[in-house]
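Enquirer: heads up, no residue letters with this:
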Ligand code: PMP
């Protein structure tokens, strides 16, 4: 993720990652009490480096902090400017950007009264790869919304994601799919889920999921491309009857599912609305024009 020359941004300063330390007594390190973002920068069609939906990501970072009482002291403008500057200092054109808000030393369970912001970045290909994914229904549920502020992208929540992801790998799958407390499909460990059935696209509503920024983009693209879309709760059995299904997230982008618990979907990925949306998403982040090809309509 970094080498001797990598520059990070920490509390208003640009520094060498390899020469920067943090405190061993931090509340974030001990209790997972921190929030983060995952953002991508792309080299767009006209050659310019653009951070995709930077404002939306920094808005979510602020909201994530507010939800769990971590002070947030920065403006979007200063954070976006710092992020562009850091990318430039690292000569990065396409990068995955990781802002992290973390708390100073404190061993109590009182809400933090101060916080730090780190922004770092590295080059990262498609997080879940380019191949269609073999997914299993996880034995782990997403955390109960009554037990946690699940719309906060909080560090500690990701132990749940690690457990689900590891379980899937141990059983020979690429990734897990987690249900909510009621047994409805929620999301992947690091991505939201969609499916296609009879020409219509479905995704779970917010409530038990991270309100993904890629999810919002895919919904926007459905509206723009006149693809009927509905947010609704659905079960694993309903998902298994789908024509196609996909995960989406900043790191993973849009990636099709090959199968769920060994059962494949009704259509080849190449003929699915998922594929159309995958191409439209790629065009959107690269600021390229996109037209739905007639044979896919
Ligand atoms: N759900 C979870 C649990 C995630 O970690 C992510 C990745 N941030 C997403 C969904 C997708 O969110 P986004 O599209 O904003 O990256």
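Expert: Structure's in. What do you need? Keep in mind it's a predicted model, so treat the numbers as computed, not measured.
Enquirer: List the beta-bridge partners for residue 51.
Expert: Beta-bridge partners for residue 51, by DSSP bridges, are residue 41.
Enquirer: Give me the neighbour count for it.
Expert: 19 (other Cβ atoms under 10 Å). All C-beta spots, glycine's among them, are computed from the backbone N, C-alpha and C.
Enquirer: What parts of the stretch 51-200 of the chain come near the ligand?
Expert: Contact residues, the stretch 51-200 of the chain versus the ligand (Cβ under 6 Å from any ligand atom): 161, 187, 190, 191, 192.
Enquirer: Give me the neighbour count for the residue lying closest to residue 267 once chain neighbours are set aside.
Expert: Nearest residue to residue 267 in three dimensions, chain neighbours excluded: residue 243, at 4.4 Å (Cβ to Cβ, 6 or more residues apart in numbering). Residue 243 has 18 neighbours, counted by other Cβ under 10 Å.
Enquirer: Pretty sure residue 243 sits against residue 269.
Expert: No. With contact defined as Cβ atoms under 8 Å, residue 243 does not reach residue 269; the gap is 10.2 Å.
Enquirer: Count the neighbours of residue 19 for me.
Expert: Quick note: residue 19 (other Cβ under 10 Å) scores 8 neighbours.
Enquirer: so where's the stretch 151-297 of the chain uncertain?
Expert: Residues of the stretch 151-297 of the chain that meet the criterion pLDDT under 70 lie in 294-297.
Enquirer: if we go to 80?
Expert: 293-297 (pLDDT under 80).
Enquirer: How many neighbouring residues does residue 288 have?
Expert: Residue 288: 13 neighbours (other Cβ under 10 Å).
Enquirer: secondary structure class for the nearest residue to it once chain neighbours are set aside?
Expert: Once flanking residues are discounted, residue 288 sits nearest to residue 45: 4.7 Å by Cβ to Cβ, 6+ apart. Here residue 45 is recorded as coil under DSSP: H, G, I helix; E, B strand; the rest coil.
Enquirer: what does the model give residue 45 for pLDDT?
Expert: Residue 45 carries a pLDDT value of 96.
Enquirer: Would you mind measuring from it to residue 285?
Expert: 10 Å (Cβ to Cβ, to the nearest Å).
Enquirer: same check, this time on residue 176
Expert: According to Cβ to Cβ, residue 176 and residue 285 sit 26 Å apart.
Enquirer: In terms of neighbours, single out the busier of these two.
Expert: residue 176 (22 against 19).
Enquirer: so that one makes contact with residue 165?
Expert: Yes. Assessed by Cβ under 8 Å, residue 176 is found in contact with residue 165 at 6.0 Å.
Enquirer: Which neighbours do those two have in common?
Expert: residue 189 (Cβ atoms under 8 Å, 6 or more residues apart in numbering).
Enquirer: Please, where are all the strands along the stretch 1-150 of the chain?
Expert: 7-10, 13-16, 35-36, 39-43, 49-51, 95-102, 116-122, 133-141 (DSSP state E, counting those that start in this stretch).
Enquirer: which other helices and strands contact the longest one?
Expert: For strand 133-141, the packing partners by 3 or more Cβ pairs under 8 Å, 6 or more residues apart in numbering; DSSP states H and E come out as helix 158-170, strand 175-179, strand 253-260.
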